[in-house]
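Asks: Show me the folded form of this:
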Amino acid sequence: MSHLDDVRARVAATIAESVISHMNELLVELSEDSELSREDRYTEQQRLRNAIAHHGQQHKEVQEARREALTKGGTIL
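Replies: Numbering: from 1, shown residues only. So this is what the prediction gives:
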């Protein structure tokens, strides 16, 4: 397995894990990876950035739905 394949697999596993702190750690680690080309490094970092942004949006939507469920008619149940 090439280094790029290994990095792709690690990025996929980290995204599947869905833990923001682990995604951020890998993002920093990739920025210092001299074995990857600039384009490959950018591509894998973008995958992580997109997953982080998507995770934040999902979290916001869940919180809004929860708030709506708790406040029917303007009062907290």
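Asks: quick one: the strands in this protein?
Replies: 71-72, 75-76 (DSSP state E).
Asks: Which of these comes out lowest on mean pLDDT?
Replies: Confidence, taken as mean pLDDT, is least for strand 75-76 of the strands of the chain (a mean of 60).
Asks: chain center to stretch 52-67, what's the gap?
Replies: 13 Å (Cα atoms, centre = their mean, to the nearest Å).
Asks: Report the buried residues of it.
Replies: Within stretch 52-67, the residues scored as buried using 16 or more other Cβ atoms under 10 Å are Ile52. No exception for glycine: its C-beta is placed from N, CA and C like everyone else's.
Asks: Only alpha carbons, please: show it as CSV.
Replies: This file holds the C-alpha atoms of stretch 52-67, laid out as CSV (Å, rounded to 0.1, in the frame of the first residue of the first chain):
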residue,chain,number,x,y,z
ILE,A,52,-15.9,19.0,9.9
ALA,A,53,-18.3,21.6,8.3
HIS,A,54,-20.9,19.0,7.6
HIS,A,55,-20.7,17.7,11.2
GLY,A,56,-21.2,21.2,12.5
GLN,A,57,-24.2,21.7,10.4
GLN,A,58,-25.7,18.4,11.5
HIS,A,59,-25.1,19.3,15.1
LYS,A,60,-26.9,22.6,14.7
GLU,A,61,-29.9,21.0,13.0
VAL,A,62,-30.2,18.4,15.7
GLN,A,63,-30.1,21.1,18.4
GLU,A,64,-32.7,23.2,16.6
ALA,A,65,-35.0,20.1,16.2
ARG,A,66,-34.6,19.3,19.9
ARG,A,67,-35.4,22.9,20.9
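Asks: please renumber so the chain begins at 769
Replies: Shifting the count to begin at 769 puts that one at stretch 820-835.
Asks: what's around the closest residue to Ala777 other than its chain neighbours, how many residues?
Replies: Ranked by Cβ to Cβ, 6 or more residues apart in numbering and with sequence neighbours excluded, the top spatial neighbour of Ala777 is Met769, at 7.8 Å. Applying other Cβ atoms under 10 Å, we find 7 residues neighbouring Met769.
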